[in-house]
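Asker: Got a predicted structure here, sequence first:
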Number of protein chains: 2
Amino acid sequence: SFATLVGAQAIDEKTKAIANDLMDKASQSQAYSIVESLTTEVGPRLAGSEAEARARDWAVKKFKKMGFKNVRVDPFDVPWWERQVESAEIVSPFPQPLYVTALGGSVSTPDGGVTGEVAIFPNLAALKAVKDGGLKGKVVFIDELMTRTQDGSGYRVAVAKRRETAYESARVGAVGALIRSVGTNAQRFPHTGQMRSGENRTEPSVPTAALSAPDADQLVRVASRGKPVKVKMTIKTESRPRAQSGNVIAEIPGRTKPEEIVLIGAHLDSWDLGTGAVDDGAGVGIVMGAAKLLMDNVRKAPDRTIRVVLFGSEEVGLVGARAYAKQHKAELKNHVLIAESDFGAGKIWRFDSRVGQGGLEAIAQMQAVLAPLGIAPGSNQASGGPDMIPMREAGVPVVGLMQNGWDYFDLHHTPNDTLDKINPDELNQNVAAYAAFIYMAAMADTRFDRDEASFD
Amino acid sequence: SFATLVGAQAIDEKTKAIANDLMDKASQSQAYSIVESLTTEVGPRLAGSEAEARARDWAVKKFKKMGFKNVRVDPFDVPWWERQVESAEIVSPFPQPLYVTALGGSVSTPDGGVTGEVAIFPNLAALKAVKDGGLKGKVVFIDELMTRTQDGSGYRVAVAKRRETAYESARVGAVGALIRSVGTNAQRFPHTGQMRSGENRTEPSVPTAALSAPDADQLVRVASRGKPVKVKMTIKTESRPRAQSGNVIAEIPGRTKPEEIVLIGAHLDSWDLGTGAVDDGAGVGIVMGAAKLLMDNVRKAPDRTIRVVLFGSEEVGLVGARAYAKQHKAELKNHVLIAESDFGAGKIWRFDSRVGQGGLEAIAQMQAVLAPLGIAPGSNQASGGPDMIPMREAGVPVVGLMQNGWDYFDLHHTPNDTLDKINPDELNQNVAAYAAFIYMAAMADTRFDRDEASFD
Ligand SMILES: [Zn+2]
Ligand SMILES: [Zn+2]
Ligand SMILES: [Zn+2]
Ligand SMILES: [Zn+2]
């Protein structure tokens, strides 16, 4: 058929054979030992912190030792924030502690904390319906549940309350706010995460913290006894408008078209509560491990350059990704295809893309090569991962190697995000897919340019 | 057969029929709502605390409302201890926080904490082999794993390190000590628990805390990098030699032999980290729920008195149980058969006893009645539950309605011991067994006196 003939030109048989060989060798990858090294030798690495700087040093050293070229750090500034004290308790009618964690960006309570009667809302929309100043002196509690889904779509709905509650609560005159954690687990871990939706959001806000699921359940049960519930919150945080962060970049230079770039990324920073194993040590291990697997097992370097980017300061608002898109604006048109791994260590089950018509047959051929890994064809509406957003919005073609995120939000942004949660076999399935993908993308005899893109 | 004839006399057919009827009605029991009420309206209830006093008030009110007779509190004194600050971190070579919780009874560090190089031991025996003063200035870490078992036997082995490490570490000159939590889960919850084995232990000790399993793994991995590991611990606790506690007692008076007592118990106190749902809110719900089920569904009160005892201050060394055995010494010989529920909310799978020869046939008949609940015959070496120990040691016959504790030590003494972990159907299987058991024990036309017992 015509499609087959076109396809045969997009990715040649020898390229597919080498991609298959990489998939076969993925069980030897260094991905797990990379995650182990990062989470052990650095641990938590909050955006703009001294620990994140140590993570960059770790990455530069590791990339160089592994044989990557053009290893460097692109520095940028980021607002810095840190938690220092966080506690909450039911004061009456049934005194008892609650397990909370401040949301990223939360302001402090006055010394001695704030105490107020709890006003419970089923969701953010219900709070938004309250008139300005209508909850003076109260503590807002948004008890919205997050839906467990394979593709993470439940998160996109649930995260709105994390982003908005602090500001909406200030608007209605509350003294503090609590949310049921954005998460899917029933363990007693509150989930943190950034509350602002924009880097420069400046409306007034109140101290805001997430309750673990059992604590949210408990607060609802206590309230169901029919007496007014008073809660005390004590939050102390510190912030500075500017601190140092950076993106770490390493390459396998292309042989015949070195200026054309296939980029794979992950983010190097993590929240402070866990050691950032599934978010996003796993992604770091997958993309470094996949590129290293290719480097070690392909005799001739691929035609295009493979660029691995470990983004800084993702968690606080894609700050590294925006810096990259700005600092590399001139070369964005040479970014042939990009992808990020930032959804844990679960198996990849679907191959999405967002490419122009001219690239679709190559995408279909890549998926066919990946199919034995259990990877199905996806849509052409890929988001590409959070750090891909600024480039995607600028028109760069992206793919999404979609991981099974069924359990991801059990761990995400909690103290429980630790190395033991990663299954090395599932991690290596990711490595197999990424290694085969980047090789094929770097060898494909086509471009993936999106029809709507215009780089000027 | 002879056995059958003897058996037929021990528990008559009418008694068995009523026991069966109670088992059928157990799904209507109030057990779950009792646990819910206790864990919601009181929450954590540390031995000797104001919260434990509120739990006694709750129990007295609840017993009276349910129609129990002779509701009363037997007061006693208990040493009081409370945690105030607890933190630990790896200072070098890879600075990062560790999640810890102080063991019950731990002393404080000096202000500013203690810092020392970590000395790792695979088990308590290895630490015991160190000569006096041999680890001056170090921080001891005992990395002993606990084995998951159905019957809790892994706990009896593992708990030694919780009890002894603080004292052994002082002996060798350490400045602090850490243990891998006594627990079976891989979640990031440290497990607390009392460190002393005796109420009056007075040897010198060092500040001692438990690491969660992921933190223990991490400390081992950090050490495996070959550089000396320095840890800082900051522990602040308060204690007083005496505080008020008490046992709450309620009865269904016997009709024909009111002075003879069938006792079922649970403990009312809990550790401070969780809400004491599986330890031992479940037991409270089971024994109160079982006695209430009997009260509501048996037209004539049973021959013997059913006594329900909610022991205070179990967690800090069976203080309530010892007080009960002392305060009720004169009636111990009239305690016909006793049992405690203190192993979570899992199903009962085995019926153990520790009775004299004369009681064995009745025990066998009880087990036969319980068999449809999935309960197998057990041994005649029952321990009877922790609060039964002082009475058992005094010679009182005991039974053990052995629960499946496979998951119990995932939650035990952690913040994660919360109501949502209890399965109401499994809880009601316990109620069925306890209700049938107490009815048969109160009606059995035999005594269970142990041959070795002598009450004088
Ligand atoms: Zn992430
Ligand atoms: Zn994240
Ligand atoms: Zn217990
Ligand atoms: Zn306990």
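Answerer: The structure has been received and is ready for your questions. Ligands and ions are numbered 1, 2, ... in the order given.
Asker: Can you classify A:P204 by secondary structure?
Answerer: When classified by DSSP: H, G, I helix; E, B strand; the rest coil, A:P204 comes out as coil.
Asker: show me the contacts for whichever residue of the stretch 251-400 of chain A sits closest to ligand 2.
Answerer: Ligand 2 sits closest to A:D279 of the stretch 251-400 of chain A, with a gap of 4.3 Å, by Cβ to the ion. In short, each C-beta sits where N, CA and C put it, glycine included. If you count contacts by Cβ atoms under 8 Å, 6 or more residues apart in numbering or on different chains, A:D279 has them with A:S270, A:W271, A:D342, A:G344, A:Y408, A:L411, A:H412, A:H413, A:D417.
Asker: so can I have CSV of those showing distance to ligand 2?
Answerer: Output for the contacts of A:D279, formatted as CSV (distance: Cβ to the ion, whole Å):
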residue, distance to ligand 2
A:S270, 7
A:W271, 6
A:D342, 7
A:G344, 10
A:Y408, 10
A:L411, 10
A:H412, 6
A:H413, 6
A:D417, 9
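Asker: so which of the residues you listed comes closest to ligand 3?
Answerer: A:L411 (29.1 Å).
Asker: got the contact list for the closest one?
Answerer: Neighbouring residues of A:L411 by Cβ under 8 Å, 6+ apart: A:N185, A:G274, A:A277, A:V278, A:D279, A:G344, A:D417, A:K421.
Asker: ok, now A:K421?
Answerer: By Cβ under 8 Å, 6+ apart, A:K421 lies in contact with A:A277, A:V278, A:A345, A:L411, B:A186.
Asker: ranking those residues by neighbours, who comes first?
Answerer: With neighbours taken as other Cβ atoms under 10 Å in any protein chain shown, the top of those is A:A345, carrying 33 neighbours.
Asker: re the thing from before, so which of the contacts of A:K421 comes closest to A:Q30?
Answerer: Nearest to A:Q30 among the contacts of A:K421: A:A345, at 14.6 Å, using Cβ to Cβ.
Asker: sec struct for the closest residue to the closest one other than its chain neighbours, please.
Answerer: Spatial nearest neighbour of A:A345, excluding adjacent residues (Cβ to Cβ, 6 or more residues apart in numbering or on different chains): A:A282 at 3.9 Å. Secondary structure for A:A282, judged by three-state DSSP, is helix.
Asker: and if you look at A:K300?
Answerer: Once three-state DSSP is applied, A:K300 turns out coil.
Asker: do you know how far it is from chain B?
Answerer: To chain B, A:K300 is 37 Å away according to Cβ to the nearest Cβ, to the nearest Å.
Asker: same question, A:D387
Answerer: A:D387 sits 24 Å away from chain B, going by Cβ to the nearest Cβ.
Asker: residues contacting that residue?
Answerer: Taking Cβ under 8 Å, 6+ apart, one finds A:G265, A:A266, A:H267, A:V309, A:F311, A:E314, A:L318, A:G320, A:A321, A:Y324, A:E340, A:D342 in contact with A:D387.
Asker: Secondary structure and pLDDT added to the residues you listed, as JSON lines?
Answerer: Shown next, in JSON lines, are the contacts of A:D387 (DSSP: H, G, I helix; E, B strand; the rest coil; pLDDT from 0 to 100):
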{"residue": "A:G265", "secondary structure": "strand", "pLDDT": "98"}
{"residue": "A:A266", "secondary structure": "strand", "pLDDT": "98"}
{"residue": "A:H267", "secondary structure": "strand", "pLDDT": "98"}
{"residue": "A:V309", "secondary structure": "strand", "pLDDT": "98"}
{"residue": "A:F311", "secondary structure": "strand", "pLDDT": "98"}
{"residue": "A:E314", "secondary structure": "coil", "pLDDT": "97"}
{"residue": "A:L318", "secondary structure": "coil", "pLDDT": "96"}
{"residue": "A:G320", "secondary structure": "helix", "pLDDT": "98"}
{"residue": "A:A321", "secondary structure": "helix", "pLDDT": "98"}
{"residue": "A:Y324", "secondary structure": "helix", "pLDDT": "98"}
{"residue": "A:E340", "secondary structure": "strand", "pLDDT": "98"}
{"residue": "A:D342", "secondary structure": "coil", "pLDDT": "98"}
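Asker: now, among those residues, which is nearest to chain B?
Answerer: Nearest to chain B out of those is A:H267 (Cβ to the nearest Cβ; 18.4 Å).
Asker: my guess is the closest one contacts A:A282, does it?
Answerer: No: A:H267 is beyond contact range of A:A282, at 10.9 Å (criterion: Cβ atoms under 8 Å).
Asker: Of those two, which one has the most company?
Answerer: Neighbour totals were compared for A:H267 and A:A282, and A:A282 leads with 34 against 30 (other Cβ under 10 Å).
Asker: Look at the more buried one and report its pLDDT.
Answerer: pLDDT, A:A282: 98.
Asker: Just put the contacts of A:L411 in TSV and tack on secondary structure, pLDDT and distance to ligand 3.
Answerer: Shown next, in TSV, are the contacts of A:L411 (DSSP: H, G, I helix; E, B strand; the rest coil; pLDDT from 0 to 100; distance: Cβ to the ion, whole Å):
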residue	secondary structure	pLDDT	distance to ligand 3
A:N185	coil	95	25
A:G274	coil	98	30
A:A277	helix	98	33
A:V278	helix	98	34
A:D279	helix	98	36
A:G344	coil	98	36
A:D417	coil	98	30
A:K421	helix	98	29
